[in-house]
Every structure is written in C-alpha cells, then in structure tokens.
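**Student:** Sequence first, predicted model second:
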Amino acid sequence: MKKIIGTHSGAFHADDVFAVASLSMLYPEYEIQRSRDPEVWAKCDFLVDVGGYYNHDEKIYDHHFKDGPAYDDGLKMSSIGLIWKHYGAEICGSEVIADRVCKRLIRQFDAIDNGVTLTSHIEDFADTREISLSGSIGMMNPVDNDKADEVFAGEVVRARSLIKSAIEQATHWMNSRTGLESALKEALDKKLAYIVLPEGCKWTEHLFNSENNESILYAIFPNGEKWYARAVPAAPGDFANRKDFPKTWAGLRDVEFSQVAGIPDGVFCHHGLFICATGSFESTLKLVVDAIDA
C-alpha cells in the first residue's frame, strides 16, 4: 500500500530530503506531500520536519520546538536523526551498520540543521569555502518556487542513492573485521610485526580496536595486480607512523626504487614513507622485512 510522506513546502534542506529518502527505502510505493496545511498533514502516514511536535506512535517527526530530542552526547536531532533513530536498523538490516551510517552520514545533517558549524575557511583564501553535502542540497532550491516540489523529489532520489552507498560501505567495513582478526591472529601466533590482509579489507580502525595490536608495524595487501605495504599509523587518524619506511626510499619510483630497495619490480614509495608498492607479494614482503630490520 502506498505511503504518504508529508513535509513542508517551500525551500528544502538536507534533513527533510534525507528523512523522506530514508522512509522511501522502507516503502518503495510512496507519495510526497509538501505542504504547510494541517488538513493535508492529517492525510499523511508520516510527517517529517513539520507537525509542531515529535511522537513516534503518531509518526510525527518534527524537531522545531524548545528542548527537542537529542543524542546522548547532546547533539540535537533533526528530522533525519529522528527517522534514523526509529527506522535506521530496519533500513540497514543491522543496528551496527545503522550506527555506522549515522555517525558517518546522518549526524552531519542534524548538526548543520541545528546551527552547528562543521567546516571553516582558511584565512589566506577568505573567499574559498567548502560546499558541504547539506550545502549542495540547499543550492538545488530553485529560484522559481513552483518547481520546488519537482526538484525536491529528484533530491530524494539522489539522497536515497547516497544512503544505499553508505550502507554498502558500512557493511563492507563490518565484514572486514573477520579478515583483520584472522590476519592479526596469524601475525601474533608467528610473532610477526606485519599482517597480510585480503584485498579491499578496511583494517585500520579494526586493528586499533583489537587487543595486542601494538606490535604490528605494517600491513601487506593486494590491490589489483600490485601488492602494497602500508605503515600502521601511530594512532587512529594520525599522519605519523609507528615506523616509517626507510628514508632512502622516499619518493622513488620504478627502476630507481627497485635498485635502491633491491627488488625486481618496485612501483613506488611515497615521499611520506607510509606506503609503497611492488608487482609481487614476495617483493612487498621483502620491503616490509627490510623496513622492520632497518
């Protein structure tokens, strides 16, 4: 049965766009009613960003009132935050994935819609601003307000695509835990200072959340036809490494890199000494072993 999702007419924002998009993932047969008329709202199955109050039982998800709903850390929720709170796990099929998507996608809309500044400009380039995802959606509001409903519907489709991608990325991240755990166990059992990972494994965050990870200095993993080695960061999000690759490799490529590193198929070593690549597992392993012994 078609669900009618109501929200306000006029200018739209990222929170109402993503709230409607999220509900549309649960109810593919849907109709959008954009209005400020309570009589229209009364005919809707869901109300987002309008209604004057928040009541899950009544399917009313507004946040425009004093002391509105907030996360445990105090960040106030917008309409998408409220929708995600109640339906995120159902949309994602997992509480863990829903929480990951909330942190990496949803909460930015809550913050911006509640007046929290997430980006800043550089003083040397005063006229340069980063356009946030919320800002890009805001830019889509047409000058001709008669076209707003049509454009809003298109933005809902775009938002739904972004949510789906975020869910896929979060699912891949969660599934990567198994690959990291297996690689770490093997490294610890063999008393190695490196781990060998499957291709595409999202390992860094999982490694730091694992016990006894402190001895791991490097990660080896394939990417297409090449094999890479990555230095483990000193801390999550840190640009410093637990141990850099040798300084003599910095910025070298191809033949020069191969000659200096003593391998037949070198590709490159980044000048930041945090990543390098070769054409084979054996050569990349040699780089890592040499780096550990350096």
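**Tutor:** Okay, I see it.
**Student:** Quick one: residues contacting the spatially most central residue of the chain.
**Tutor:** With distances taken as C-alpha atoms, centre = their mean, residue 104 lies nearest the centre of the chain, 4.1 Å away. By C-beta atoms under 8 Å, 6 or more residues apart in numbering, the residues touching residue 104 are 166, 169-170. C-beta here means a position set from N, CA and C on the backbone, and glycine is covered the same way.
**Student:** run the last query once more with 10 Å
**Tutor:** Counting by C-beta atoms under 10 Å, 6 or more residues apart in numbering, residue 104 makes contact with 166, 169-170, 173.
**Student:** same check, this time on residue 275
**Tutor:** 218-219, 228-231, 241, 245, 268-269.
**Student:** among the residues you listed, which are in strands?
**Tutor:** Among these, the residues falling in strands (DSSP state E) are 218-219, 228-231, 268-269.
**Student:** coming back round to it: among the contacts of residue 104, name the buried ones.
**Tutor:** Using 16 or more other C-beta atoms under 10 Å as the burial test, the contacts of residue 104 include 166, 169-170, 173 as buried.
**Student:** As a quick check, tell me the outermost residue of the protein.
**Tutor:** Most distant from the centre of the chain: residue 259, at 39.4 Å, with distances by C-alpha atoms, centre = their mean.
**Student:** distance between the helix or strand that that residue is a member of and the chain's centre?
**Tutor:** Using DSSP states H and E, residue 259 maps to helix 254-261. Here the centre of helix 254-261 is set off from its chain's centre by 36 Å, with C-alpha atoms, centre = their mean, to the nearest Å.
**Student:** buried ones in it?
**Tutor:** Buried-residue list, helix 254-261, by 16+ other C-beta under 10 Å: 257-258, 261.
**Student:** quick one, what contacts residue 227?
**Tutor:** Taking C-beta under 10 Å, 6+ apart, we find residue 227 in contact with 196, 199, 220-221, 265, 267, 276-285, 287.
**Student:** my bad, should have said residue 2
**Tutor:** Going by C-beta under 10 Å, 6+ apart, residue 2 touches 27-31, 45.
**Student:** Residue 51 versus that one, what's the distance?
**Tutor:** Residue 2 sits 20 Å away from residue 51, going by C-beta to C-beta, to the nearest Å.
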